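# Just the structure for this:
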Amino acid sequence: MKDNHIFPFLWMRGEDEEIIRTELAKIDEAGIKSVCLEARPHPEYAGDKWWHDVDIVIDEAKKRDMTIWILDDAHFPTGMANDGMKNQPEKCRRYLFTQFVDVVGPLPQGQVDVELLTTRQFTWQDFGKQFSEPIYDETKLLSVTAYKVYKDDELTGEYIDLTDKVKDGYLTADFPAGVWRVFVTFSTTKMGPKLEYINYIEDGSVQVLIDEVYEKHYARYKDLFGTVIAGFFSDEPGFYNSEGYGSMKIGDKATLPWGKELEEQLTKALGKDAYLKLPLLFAEDSEDECRELRMTYMDLVSKLYSKNFSCKLGEWCRAHNVMYIGHIVEDYNNHMRLGAGPGHYFRAMAGQDMAGIDNIGYQLMPGNDVATRHTGFSDIIPDFYHYQVGKLGSSAAAIDPAKKGRLMCETFGAYGWRLGVRDMKWIVDYQVAQGVNYFVPHAFSMAEYPDNDCPPHFYARGNNPQFEYFCHLMKYTDRLCKLFSGGKNVPQVAVLYEAESDWAGNTMYGYEVARDLLNHQIDFEFIPADVFENADYYGCRVEDGNLIVNDRTMKALIIPECQYLSKVAAKFILDNPDLQVYYVNEKPHGIAENDDSDLFTGILRREKMDGVAFDLIGYRLMNEGIRDDLYLSKYNEHLRQYHYRKDGKDIYFLINASVSETIEGDIVLPKADGYAVYDAMHDISVRLIPNEGKMHLCLKPYESIIVYTNPEECQEPTAAINFDKAVSLDTFDVQLNQIACDTPRYEKAFKLQPISNVYRDFSGEIVYTTEFEVESIPNKATFFAEQVFECMTVEVNGKEAGKKITPPYEVDVTDTLTVGTNILKVRVATTALRDANTKPGIFGKERTIIEPTGMFGEVQVRFYK
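Now for the predicted structure:
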């Protein structure tokens, strides 16, 4: 099956056949040879109308040598099983919960309505809320336990088992002196979110999803599996045991995932008093017994999610000759927690053929990695998206042999119409530099323009002024993805994944370490402790003081600051004394599982375990010679560097992450049999002639460069040229082609200024025309515009000279010139934002900075000799 690296969402709504075929033709026009069918807006997923529409897509895909992916449920998040749970309600999700009453003793023959405490309590805060309706009626009492309360809501660890004193739904018991909290702990199908969803940790429940979605598609299209149909995509599956997307850490008050297999494993691990200890999943105790219990619970529940959901779906797909991909909700630390998360990112990815992440709604914002995004939906902390989520994905892709280095990212969705191709290019560069090599652009919508559901939409029924430039970007993106596939990245260090430390207590987040490393161009992998426990599978060993995982060699292991270190990680560190370990700020305070003091003592006494301040990590490593073999001779925090090794070549992708500062300095080159620079936008390689082992780097905002070693065929560099003169242009005839308007507007002798100063609501294409004189053909001539918002095509004498989708807006026009009068035409495409804001939908106008439109500032034709 052809390996396509770009497969955008195609939103299926039940459109007419002609519209579907036209949209696929436009996707093909962009050089995109695969799509992912998004079912959310469709009225009949896996029904007659769905099959009718998918048949059309498949027919068109065959004609165009395209492949398709299929979202694996009627609506995100994956798990509603196309509403199939109602047919097998006994397989629905179970939750564990505890509710309590406080008792002040001594009190003889006190009574508690236990049955009442196994039901949801309605409060004044619940007015107007919609609760998930149960589809199955089952409540099981697990224990009634009285814990003595110490202070600050802590339990003392002293408890009384009262379970056998419950008769006919009532507890009757004598309570000793003191303050006691009587916990009624139970499992239920009647409380908690998404009761109609599958239970991700139960094999039989996940089978319902397979039966209702996977098997039905296979029954209809089995002959196309592995050819036209590439695979299935899970969108944001997770536990969803609490409302919303905010992070839910173990110990927070919420229903917890539960099931038969989890119950069996947990009671086996905890012994005869297991049910009596369950309240400690929800409450703190002065003896810190809750830590061991929570570690055990999180370890088991995340492994069961991996086994019974991710791996089960992946195994089904591979048995049917297709691939399984997708992403979870990584946001708000959900990647290592409950709530909308799966408990452990790497375990959640285990069954997938590619690692997966997503980037939506200005999570990545060009040039802004400091300001929290306060949206109407949630607050977005930029550090996580700029410095951790991409590296989580690329680490899973790199260290798991099954992933083969493949990382998929769903991107661009819900940024709004403000997002244009300029910033899309920045996002692509930034994500490729962190290891992304498959993209799912969000989205192609076939609805009438403007579709206010999570824009931008790239074609928008012909109304997106930048579609031509989007096509240009996608061809560039495809070249990058293919270049950075089939080889391996070259990390310098490993960073311990913080999940277990977070389950056990407080921990520094991975992005706090990652930021300093990436700002110093030191690449790394997040390494989960599972790698140490399953060393044979991951190819994990320490050799000559280096940590090697799946053929990636790392010179040190960094432990983010944490209260507690997992037993597995601690044992690996002690068993490998030659490995250099750095702990950030201070050493851990103990072992997460709370059961091995000797192990902790060994950690405290270990040599080659050095402390480093979190904001000096990169500086310390570079001073100790831990850095890439190609490096900038002076520190610049805006440079991002990705080192990739493939086909006997070392490839270095260098990008400027700043949108305001130029990066300039000497790059020290590694030893090699020659060098070249690859321009992926124009698909051209030019030989690089080093100067005393260095090259001079100048990256302006939005620019990137690819340097590689041992080139074979490439162009020779051109001779140096010198600036001669410039002809300034400030007056143009202007034609304005408004979105969805057949009649252009004209302005004669228009003095350059933002078009938005004159026509505030204009979105579309602006065509600037003027003339300039050439006395003789120069060695080189360029057209330069200081400000363009935001994509441009330059034509001279009817010949296209080139396109620019990002600054600097300068195009070589030498080959289009004639002696005498030359006719210059510059086509500028805006985003659709201003026009779309005149047609607000249910969400209203976009509340965002509105950039100017058109071309203005210094505009010149520059001549060189």
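
# contacts and neighbour counts: CA atoms only from here.
Will do.

# Could you report the neighbour count for the nearest residue to residue 471 once chain neighbours are set aside?
Spatial nearest neighbour of residue 471, chain neighbours left out: residue 30 (4.0 Å); criterion: Cα to Cα, 6 or more residues apart in numbering. With neighbours defined by other Cα atoms under 10 Å, the count for residue 30 comes to 18.

# Can you name the residues that contact residue 30?
By Cα atoms under 8 Å, 6 or more residues apart in numbering, the residues touching residue 30 are 468, 470-472, 474-475.

# Over to residue 437?
Counting by Cα under 8 Å, 6+ apart, residue 437 has contacts 5, 406-408, 480-482, 484-485.

# sorry, back to before: give me the distance between the residue nearest to residue 471 and residue 192.
45 Å (Cα to Cα, to the nearest Å).

# if we can go back for a sec, next one: phi and psi at the residue nearest to residue 471?
phi -80, psi 0 (degrees, to the nearest 10).

# for residue 668, same thing?
Torsion angles, degrees, to the nearest 10, at residue 668: phi -80, psi 120.

# tell me the contacts of it?
Contacts of residue 668 (Cα under 8 Å, 6+ apart): 629-633, 693-695.

# so where is the stretch 201-350 of the chain shaky, pLDDT-wise?
For the stretch 201-350 of the chain, applying pLDDT under 70 flags no range at all.

# What segments of it are helices?
Listed in chain order, the helices of the stretch 201-350 of the chain (DSSP state H, counting those that start in this stretch) span 203-209, 215-221, 260-270, 274-277, 289-305, 311-319, 345-348.

# Deepest-packed of the ones you listed, please.
Using mean count of other Cα atoms under 10 Å, the stretch among the helices of the stretch 201-350 of the chain with the largest mean neighbour count is helix 345-348, at a mean of 26.

# As PDB, could you dump the C-alpha coordinates of that one?
Output of helix 345-348 as PDB, limited to C-alpha atoms (Å, rounded to 0.1, in the frame of the first residue of the first chain):
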ATOM      1  CA  TYR A 345       0.600   8.200  27.100                       C
ATOM      2  CA  PHE A 346       3.000   5.500  26.000                       C
ATOM      3  CA  ARG A 347       0.700   2.700  27.100                       C
ATOM      4  CA  ALA A 348      -2.200   4.300  25.300                       C
END
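
# Report all helices and strands that that helix contacts.
helix 289-305 (3 or more Cα pairs under 8 Å, 6 or more residues apart in numbering; DSSP states H and E).

# helices and strands around the helix it packs on, which ones?
Using 3+ Cα pairs under 8 Å, 6+ apart, helix 289-305 sits against helix 260-270, helix 345-348, helix 499-504.

# Turn the ones you listed into JSON lines, including distance to residue 850.
Formatted as JSON lines, the helices and strands packed on helix 289-305 follow (distance: least, Cα to Cα, whole Å):
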{"stretch": "helix 260-270", "distance to residue 850": "52"}
{"stretch": "helix 345-348", "distance to residue 850": "37"}
{"stretch": "helix 499-504", "distance to residue 850": "40"}
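
# Select, out of those helices, the one closest to residue 285.
helix 499-504 (13.3 Å; Cα to Cα).

# contacts for the closest one?
249-250, 291-292, 294-295, 298, 336-337, 343-344, 507, 528, 562-566, 592-593.

# Only whichever of the residues you listed are buried, select them in PyMOL.
PyMOL command restricting the contacts of helix 499-504 to the buried ones, with burial defined by 16 or more other Cα atoms under 10 Å:
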select buried, resi 249+250+291+292+294+295+298+336+337+343+344+507+528+562+563+564+565+566+592+593
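
# Could you list the domains of this protein?
Following automatic domain parsing, the chain resolves into domains at 490-619, 631-709, 723-864.

# Need the winner for burial among those domains.
Ranked by mean neighbours (mean count of other Cα under 10 Å), the domains of the chain are led by domain 490-619, with a mean of 20.

# That domain - what's its average pLDDT?
Taken as a whole, domain 490-619 has a mean pLDDT of 97.

# centre of the chain versus it, how much separation?
23 Å (Cα atoms, centre = their mean, to the nearest Å).

# Numbering from 241 from now on, please.
Will do, 241 is the new start, and the previous item becomes domain 730-859.

# what's the span of that domain from first residue to last?
Span of domain 730-859 from end to end, Cα to Cα: 19 Å.

# what's the nearest residue to residue 437 if we skip its chain neighbours?
residue 320 (4.5 Å).

# which residues sit in contact with the one you found?
313-314, 436-438, 449.

# For it, what are phi and psi?
Dihedral angles (degrees, to the nearest 10) for residue 320: phi -80, psi -10.

# so what pLDDT did it get?
On the pLDDT scale, residue 320 gets 97.

# how close does it sit to residue 290?
17 Å.

# what does whichever strand or helix holds residue 765 rub up against?
Taking DSSP states H and E as the criterion, residue 765 maps to strand 764-767. Applying Cα under 8 Å, 6+ apart, the contact partners of strand 764-767 are 631-632, 634-635, 731-737, 757, 794.

# switch the cut-off to 7 Å
631-632, 635, 731-737 (Cα atoms under 7 Å, 6 or more residues apart in numbering).

# Repeat that for stretch 935-950.
Contacts of stretch 935-950 (Cα under 7 Å, 6+ apart): 666, 889-896, 898-908, 912-919, 1046-1047.

# Could you work out the end-to-end span of it for me?
16 Å.

# Averaged pLDDT, that stretch. What do you get?
98.

# In contact with residue 336: list those residues for me.
426-428, 495-498.

# Spit out the contact partners of residue 248.
Residue 248 neighbours (Cα under 7 Å, 6+ apart): 275-276, 680-684.

# Helices of the stretch 991-1105 of the chain, residue ranges please.
Going by DSSP H, counting those that start in this stretch, the stretch 991-1105 of the chain shows helices at 1073-1076.

# Quick one: the strands in it, in order.
Counting by DSSP state E, counting those that start in this stretch, the stretch 991-1105 of the chain has strands at residues 1004-1014, 1020-1029, 1031-1036, 1039-1044, 1049-1052, 1060-1069, 1094-1104.

# need those strands in JSON lines with mean pLDDT, can you?
Output for those, formatted as JSON lines (pLDDT from 0 to 100):
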{"stretch": "strand 1004-1014", "mean pLDDT": "99"}
{"stretch": "strand 1020-1029", "mean pLDDT": "99"}
{"stretch": "strand 1031-1036", "mean pLDDT": "99"}
{"stretch": "strand 1039-1044", "mean pLDDT": "98"}
{"stretch": "strand 1049-1052", "mean pLDDT": "99"}
{"stretch": "strand 1060-1069", "mean pLDDT": "99"}
{"stretch": "strand 1094-1104", "mean pLDDT": "98"}
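
# out of these, which comes closest to residue 544?
strand 1031-1036 (48.9 Å).

# Could you list the residues in contact with that closest one?
Against strand 1031-1036 from outside (Cα under 7 Å, 6+ apart): 1040-1046, 1056-1057, 1062-1069.

# From the chain's centroid, how far away is that strand?
On Cα atoms, centre = their mean, the centre of strand 1031-1036 falls 34 Å from the chain's centre.

# Could you spell out the sheet neighbours of it, each with its direction?
Using DSSP bridges, strand 1031-1036 pairs in its sheet with strand 1039-1044 (antiparallel), strand 1060-1069 (antiparallel).
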